[in-house]
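*Asks:* Generate coordinates for the sequence data below:
(one chain, ligands or ions: 1)
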Amino acid sequence: MTRKLEGKVALITGSGRGIGRAIALKLAAEGARIVVNDLDAEPAEDTVQAIRASGGEAVACVGSVSAPDFAERFVGTAVSQYQGLDIVVNNAGYTWDSVLQKTTDEQWYAMIDVHLTAPFRILRAAQPVIRALAKAETDAGRRVVRKVVNISSVAGLFGNAGQTNYSTAKAGIVGMTQTLAKEWGRMNVTVNCVAFGFIQTRLTASTADAATANIEGREIKVGVNPGLLAMMEQSIPLGRGGTPEEAAGAVYLLCTPESDYVSGQTLMCSGGLTGI
Ligand SMILES: NC(=O)c1ccc[n+]([C@@H]2O[C@H](COP(=O)([O-])OP(=O)(O)OC[C@H]3O[C@@H](n4cnc5c(N)ncnc54)[C@H](O)[C@@H]3O)[C@@H](O)[C@H]2O)c1
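*Replies:* Just a heads-up that it's a prediction; the model follows:
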């Protein structure tokens, strides 16, 4: 059977865990070569090993997407390892919640940096590489469609109490997507967004206690209390949270040749939830 993404080079941020890891495994299973990124080396290497164990190709580029030099290093890894760049998925991220009046500048900028500035820098660094590839292909009379998929959230589309910083950033990425779809169409790049509802990862795991994750040296609360979780699930038409694999499926759709004429869109992957 022909694989849909044979030979493509895909860069996926935050692909050591959760949704990003599932995207990396899915795209690799369809033949893409993956540049895996994560803040943490161990899960990044684990994703690379899982891809290689299934006969795929992957390399890790470890580090925070928020670091000023990250974008050049990330794009440089794709070019030096695989001499190409076909798919970029801006997925890395986390939440750091507070009601507005308690949100510190540090909390505000952490969300803007990881969910907005990092994708901006990665895409800016990718532009000259894509432009040169697209020009060579056009000169040779070929059209190769490249894909950018940015990750948003229903919080970015509808707002969510306690997440001014996060929802602002996730709304911003929708604007970036729409603008870049207009700028990059001439290079045959489609630029789309996937906005997730409730997907079962460590960010949304049921926790009665205060679970935390160490993110860039800060202990950030993760998980949702069981009562709230049950309420959230009740409001989802499909009656449950999605799996990382189901989330990855929505991203994959926007990476396939079948979506080559779809650009500037935000696809909700939320089990039918159309508002919060
Ligand atoms: N889980 C949900 O319900 C949900 C809903 C809407 C949107 N999202 C978005 O989906 C994306 C993935 O979330 P997830 O649920 O898979 O979370 P996750 O915590 O399971 O995985 C996210 C991965 O990103 C990495 N990461 C975090 N900050 C990073 C940084 N600065 N640089 C590099 N890597 C970094 C983490 O180490 C982690 O491995 C995020 O952008 C999140 O906001 C998730």
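
*Asks:* Work out for me the element Ala24 sits within.
*Replies:* Using DSSP states H and E, the secondary-structure element containing Ala24 is helix 18-29.

*Asks:* How about residues contacting that helix?
*Replies:* 3, 5, 8, 10, 12-15, 34, 36, 38, 43, 47, 50-51, 54, 56-58, 87, 89, 91-92, 151, 196, 199, 201-203, 243-245, 247-249, 251-252, 255 (CB atoms under 8 Å, 6 or more residues apart in numbering). (Each C-beta comes from the backbone N, C-alpha and C, glycine too.)

*Asks:* Would you check which of these are in contact with the ligand?
*Replies:* Subset of those in contact with the ligand: Thr13, Gly14, Asp38, Pro43, Asn91, Ala92, Ile151, Phe196, Ile199, Thr201, Arg202, Leu203, counting by CB under 6 Å from any ligand atom.

*Asks:* hmm, the helix holding Ala24 touching the ligand?
*Replies:* Yes. Helix 18-29 reaches the ligand (CB under 6 Å from any ligand atom) through Gly18, Ile19, Gly20.

*Asks:* quick revisit: and the two most separated of the ones next to the ligand among the contacts of helix 18-29?
*Replies:* Pro43 and Phe196 (19.3 Å; CB to CB).

*Asks:* Between those two, point out the one with more neighbours.
*Replies:* More crowded of Pro43 and Phe196, by other CB atoms under 10 Å: Phe196, with 28 against 20.

*Asks:* So the more buried one sits against Ala155, correct?
*Replies:* No. With contact defined as CB atoms under 8 Å, Phe196 does not reach Ala155; the gap is 9.4 Å.

*Asks:* Show me which residues of the stretch 1-150 of the chain sit near the ligand.
*Replies:* Listed as neighbours of the ligand in the stretch 1-150 of the chain under the rule CB under 6 Å from any ligand atom: 13-14, 16-20, 37-40, 43, 64-66, 91-94, 114.

*Asks:* could you redo the last one with a cut-off of 5 Å?
*Replies:* Contacts of the stretch 1-150 of the chain with the ligand, taken as CB under 5 Å from any ligand atom, map to 14, 16-19, 38-39, 64-66, 91-94, 114.

*Asks:* just the stretch 151-276 of the chain next, same as before
*Replies:* Residues of the stretch 151-276 of the chain that fall close to the ligand, judged by CB under 5 Å from any ligand atom: Ile151, Ser153, Phe196, Phe198, Ile199, Thr201, Arg202, Leu203, Thr204.

*Asks:* Let me have the residues you listed in a markdown table, adding secondary structure and pLDDT as columns.
*Replies:* Output for these, formatted as a markdown table (DSSP: H, G, I helix; E, B strand; the rest coil; pLDDT from 0 to 100):
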| residue | secondary structure | pLDDT |
| --- | --- | --- |
| Ile151 | strand | 99 |
| Ser153 | strand | 98 |
| Phe196 | strand | 98 |
| Phe198 | coil | 96 |
| Ile199 | strand | 97 |
| Thr201 | coil | 96 |
| Arg202 | coil | 93 |
| Leu203 | coil | 91 |
| Thr204 | coil | 92 |
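
*Asks:* Check those residues for burial and list the buried ones.
*Replies:* If you count burial by 16 or more other CB atoms under 10 Å, the buried members of those come out as Ile151, Ser153, Phe196, Phe198, Ile199, Thr201, Leu203, Thr204.

*Asks:* OK, contacts around the first one?
*Replies:* Residues touching Ile151, when contacts are defined by CB under 8 Å, 6+ apart, comprise Ile19, Val89, Asn90, Asn91, Gly93, Ile173, Cys193, Val194, Ala195, Phe196, Val251.

*Asks:* next one: Leu267
*Replies:* Shown in contact with Leu267 (CB under 8 Å, 6+ apart): Asn192, Cys193, Val194, Ala195, Ala250, Leu253, Leu254.

*Asks:* mind listing which of those are in helices?
*Replies:* Using DSSP state H, the members of the contacts of Leu267 that fall in helices are Ala250, Leu253.
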